[in-house]
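Chemist: Turn this into a model:
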Amino acid sequence: MFKRLLAFFRVSAPSANRLPPGDETDALYKRLRWQVFLAGTVGYSLFYVCRTTLNVIKKPMLDAGLVDASQLGYVGSALLFAYAIGKCVNGFFADHSNIKRFMAAGLAVSACANLVMGVMGFTAGLVSSATLTVIFAVMWTVSGWGQSVGSPCAVIGLTRWYPLKQRGTYYGFFSLSHNLGEFLSYVLVGIVVSIAGWQWGFWGAAFAGALGVLAILFMLHDNPESRGLPRIEVLTGESIAQTAAPAESTLSLQMLAMRTPGVWILAASSAFMYMARYAVNSWGVLFLQETKEPLLVTLEPGVRSIIKFFGKDSGDGNFLLLVATSIISINALLGILGTVLSGWFSDRFFKGDRRLPALMFGVLYSISLALFLYGGDSPFINILSMVLFGIAVGVLICFLGGLMAVDLVPRKATGAAMGVVGMASYIAAGLQEILSGWLIDSRAVVVDGVKHHDFSHAAFFWVAASVISFLLLLPLLGGKSKAARPERGKNSSQS
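Modeler: Purely as a prediction, here's the structure:
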């Protein structure tokens with residue numbers, strides 16, 4: 001049974017029907033690689049919808065007295081820890097896998113976990129708070145493991161189908177999937193929760209995940225050889241500069257990636273960046289609801305019509321939830337601009353060197369986060385802070401979250417490099433969930449029977465993490481960039 005499972009997910013063998021060089025082959029290659037790009041981008045954005053459901057529904061669960069902030073922190077961290085370990089393990093597996101089957105299976109697992117959590121939500125009043133926390137943590141762990149498959153498979157799809165000289169540009173466009181998924185989750189899941197209740201938010205995410213599975217199965221293709229095409233190096237002419245290099249196994253190249261110091265420096269920088277990023281994603285809606293109610297009340301009339309459009313006035317609490325999710329969704333929406341332009345910008349103006357742009361946007365990242373946390377209740381200041389934060393995080397997800405590490409390693413070690421960075425990033429994000437929940441709960445006070453949370457210590461922690469992130473990039477500025485260079489010499493034959 002296990003051997004059959006391994007065989008099912010093993011990388012596709014070359015097709016027996018090899019197409020000869022010519023216009024027909026070129027046209028097929030361009031069409032299939034475009035489908036791979038769309039499947040990876042759309043599919044991974046729907047991974048994010050399944051991943052961020054809990055971020056939207058924290059306030060309704062707290063108000064219902066089902067859990068406290070510390071328990072929500074443990075549940076949220078369960079997904080992130082599973083994701084961290086899974087991204088490293090599955091990053092290695094993905095280098096050897098049929099990415100269509102592997103990616104579709106991961107999203108199906110995450111969608112099913114959301115479906116089960118929605119079902120459990122309707123029985124929440126029948127079990128204790130501790131029991132509900134354990135059940136949710138287990139299912140969110142399962143979802144995190146399924147989630148860990150998505151990014152390595154999507155990025156490997158790009159490296160198998162796109163030439164080195166276009167990698168940064170298309171990676172940047174692909175990275176918009178992070179922000180697109182977050183935006184869809186905050187807006188669409190927020191509307192579903194406001195209309196039907198928090199339990200239905202999980203079901204809505206599960207439905208989105210099912211759509212993503214279909215997109216992956218119909219449009220993602222494993223590699224050019226499996227479709228009768230030559231290898232990507234032959235299709236793009238890269239093999240001309242690489243014919244003299246000796247062959248190495250994929251495993252040895254993966255070990256080389258693990259020994260590359262730059263990969264670990266980027267992993268550490270990404271880890272602190274993800275602490276601040278997931279602080280806003282996970283706690284931003286609750287932060288607005290608890291600390292900036294005057295802002296929400298000011299903006300509330302402008303979004304009340306959204307709920308009324310669906311024919312249901314669901315109460316002021318749900319209106320304010322929708323306002324808060326709308327503000328946080330701005331950073332996800334503007335992140336699309338950052339990710340789309342980042343790879344192209346660095347390829348076009350910095351000759352593929354991502355280091356200086358990463359440092360510049362790291363500074364902007366910290367400034368915008370501080371503006372959001374300490375800028376008061378002005379609608380203009382809060383919206384501006386989310387615009388700047390979104391652009392900065394969009395660039396940093398692209399650079400620190402993978403592209404800079406991928407630039408340092410051979411093509412067949414892509415999944416391993418992504419796994420190292422991803423493991424560090426999501427372990428840090430998971431630790432942030434626990435620590436933030438504890439900091440928020442430890443300073444909570446009860447006034448007239450209502451629990452109010454204090455974010456002062458948590459906010460300082462978030463800003464400090466963002467500053468450390470860009471400071472870690474400083475050692476990389478002194479050396480010669482390896483980014484965007486053809487992979488030559490010892491490792492080039494496996495590119």
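Chemist: Tell me how many other residues crowd the residue nearest to residue 220 when sequence neighbours are not counted.
Modeler: Distances taken as Cβ to Cβ, 6 or more residues apart in numbering place residue 39 nearest to residue 220, at 3.8 Å, with adjacent residues excluded. (Each C-beta comes from the backbone N, C-alpha and C, glycine too.) Neighbour count for residue 39, taken as other Cβ atoms under 10 Å: 25.
Chemist: Could you say which helix or strand holds residue 39?
Modeler: Element membership of residue 39, judged by DSSP states H and E, is helix 23-51.
Chemist: ditto for residue 192
Modeler: Here residue 192 is assigned to helix 190-196, by DSSP H and E.
Chemist: What is the neighbour count of residue 152?
Modeler: Residue neighbour count, defined by other Cβ under 10 Å, stands at 32 for residue 152.
Chemist: Count the residues that sit near the spatially closest residue to it that is not a sequence neighbour.
Modeler: Using Cβ to Cβ, 6+ apart and skipping residues adjacent in sequence, the residue nearest residue 152 is residue 94, 3.9 Å away. Residue 94 has 31 neighbouring residues, counting by other Cβ under 10 Å.
Chemist: And residue 94, how far from residue 395?
Modeler: Going from residue 94 to residue 395 by Cβ to Cβ, to the nearest Å gives 25 Å.
Chemist: still on that earlier bit, show me what the helix holding residue 39 packs onto, helices and strands only.
Modeler: When contacts are defined as 3 or more Cβ pairs under 8 Å, 6 or more residues apart in numbering; DSSP states H and E, helix 23-51 sits against helix 99-121, helix 129-147, helix 150-161, helix 164-174, helix 176-184, helix 198-219.
Chemist: Distance from the shortest one to the middle of the chain?
Modeler: To tie it back to what came earlier, the one meant is helix 176-184. 8 Å (Cα atoms, centre = their mean, to the nearest Å).
Chemist: Need the contact partners of it.
Modeler: 40-49, 51-52, 154, 208, 281, 329, 332-336, 338-340, 390, 394, 397, 401 (Cβ atoms under 8 Å, 6 or more residues apart in numbering).
Chemist: what about 6 Å?
Modeler: 41, 44-45, 48-49, 52, 329, 332-333, 335-336, 339-340, 394, 397 (Cβ atoms under 6 Å, 6 or more residues apart in numbering).
Chemist: Buried members of those residues into ChimeraX, please.
Modeler: Here is the ChimeraX selection string for the buried members of the contacts of helix 176-184, based on 16 or more other Cβ atoms under 10 Å:
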select :41,44,45,48,49,52,329,332,333,335,336,339,340,394,397
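Chemist: and the contacts of helix 176-184, which two are the farthest apart?
Modeler: The most widely separated members of these are 52 and 340, with 20.3 Å between them, by Cβ to Cβ.
Chemist: mind checking pLDDT for the residue lying closest to residue 60 once chain neighbours are set aside?
Modeler: Residue nearest to residue 60 in three dimensions, not counting chain neighbours: residue 198, with 4.2 Å by Cβ to Cβ, 6+ apart. pLDDT recorded at residue 198 is 85.
Chemist: And for residue 198, the neighbour number?
Modeler: Neighbour tally, residue 198, other Cβ under 10 Å: 25.
Chemist: Could you say which helix or strand holds the residue nearest to residue 370 when sequence neighbours are not counted?
Modeler: Nearest residue to residue 370, sequence neighbours excluded (Cβ to Cβ, 6+ apart): residue 463, at 5.2 Å. Per DSSP H and E: residue 463 is located in helix 456-471.
Chemist: What's the mean pLDDT across that helix?
Modeler: On average, helix 456-471 scores 95.
Chemist: Check stretch 38-52 too.
Modeler: Taken as a whole, stretch 38-52 carries a mean pLDDT of 91.
Chemist: now could you export just the CA positions of that stretch as PDB?
Modeler: Extracted in PDB, the C-alpha atoms of stretch 38-52 (Å, rounded to 0.1, in the frame of the first residue of the first chain):
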ATOM      1  CA  LEU A  38      -2.500  30.000 -13.500                       C
ATOM      2  CA  ALA A  39      -3.000  26.800 -11.700                       C
ATOM      3  CA  GLY A  40      -0.200  27.500  -9.200                       C
ATOM      4  CA  THR A  41      -1.400  31.100  -8.600                       C
ATOM      5  CA  VAL A  42      -5.100  30.500  -8.400                       C
ATOM      6  CA  GLY A  43      -4.700  27.200  -6.500                       C
ATOM      7  CA  TYR A  44      -2.300  28.600  -3.900                       C
ATOM      8  CA  SER A  45      -4.500  31.600  -3.300                       C
ATOM      9  CA  LEU A  46      -7.300  29.200  -2.400                       C
ATOM     10  CA  PHE A  47      -4.900  27.400  -0.100                       C
ATOM     11  CA  TYR A  48      -4.700  30.800   1.800                       C
ATOM     12  CA  VAL A  49      -8.500  31.000   2.100                       C
ATOM     13  CA  CYS A  50      -8.500  27.700   3.900                       C
ATOM     14  CA  ARG A  51      -5.500  28.700   6.000                       C
ATOM     15  CA  THR A  52      -6.800  32.100   7.300                       C
END
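Chemist: got a list of contacts for that stretch?
Modeler: Stretch 38-52 has contacts (Cβ under 6 Å, 6+ apart) with 107, 110-111, 114, 147, 150, 154, 157, 174, 177, 180-182, 184-185, 205, 208-209, 212, 215-216, 219-220.
Chemist: Give me the average confidence score over stretch 340-348.
Modeler: On average, the pLDDT along stretch 340-348 is 72.
Chemist: quick one: the spatially closest residue to residue 112 that is not a sequence neighbour from residue 467, how far?
Modeler: Closest residue in space to residue 112, ignoring its immediate chain neighbours: residue 206 at 7.2 Å, by Cβ to Cβ, 6+ apart. Going from residue 206 to residue 467 by Cβ to Cβ gives 38 Å.
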